[in-house]
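[1] Requesting a structural model of the entry that follows:
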Amino acid sequence: MKFYVPLHFDLTDKKLLFVGGGEVNERRILALLDSKAQIVLVSLEATEKLKKLAREGKITWIKRAYKPGDVKGMDFVFVAIPEGYEQVVDEAKEEGVWVECASKHTLGDFIYPAVIRKEDVVISLSTSGRSPKKARLLKSIIEKAINEYER
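    Residues are numbered from 1 along each chain as shown. Model (predicted):
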């Protein structure tokens, strides 16, 4: 089993590639919009929210399937597709680009945690990829505790 450590990155001006336009990458993109990163989505399809972000110029949507070379020049890659994810992960690693693979977390270099953000407090939660449901439950418990404390 991998040994994960919590790190917080300044993503200002970093190039982030998201492969897959479904709900998983939608949640990640929405959470990272305020980071001032350059967000690129490669996917034939996208959720309505992602389409809207592309129309508003907040993300760049390349409306096609992933192809070799897409990871070049990227700082981080987020993969959330049902098939073909191994190719994306392998290419990212060959290019020295950190990659997160929601499709099979053990293939990636890092895990995208559940995040709680309240002003200058940032808390990240992870079950090392074993139980995203448990991480979401813990997140809701902690958020409730923070809200109670602030009253």
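
[2] the domain parsing of the chain - what is it?
    15-107, 114-150 (automatic domain parsing).

[3] Figure out which of these is closest to Pro6.
    Set against Pro6 and scored by Cβ to Cβ, these come closest in domain 114-150, at 5.3 Å. In short, each C-beta sits where N, CA and C put it, glycine included.

[4] so how far is the first residue of the closest one from its last?
    Taking Cα to Cα, to the nearest Å as the measure, domain 114-150 stretches 21 Å from start to finish.

[5] swap in stretch 30-48?
    12 Å.

[6] Provide the contact partners of stretch 7-24 at residue level.
    Stretch 7-24 is contacted by residues 25, 28-29, 32, 35-47, 50, 61, 66, 70-71, 73-81, 85, 88, 102, 110, 122, 124 when judged by Cβ atoms under 8 Å, 6 or more residues apart in numbering.

[7] Please enumerate the helices of this protein.
    Using DSSP state H, the helices of the chain run over residues 23-32, 48-55, 85-95, 132-150.

[8] Sounds good, over and out.
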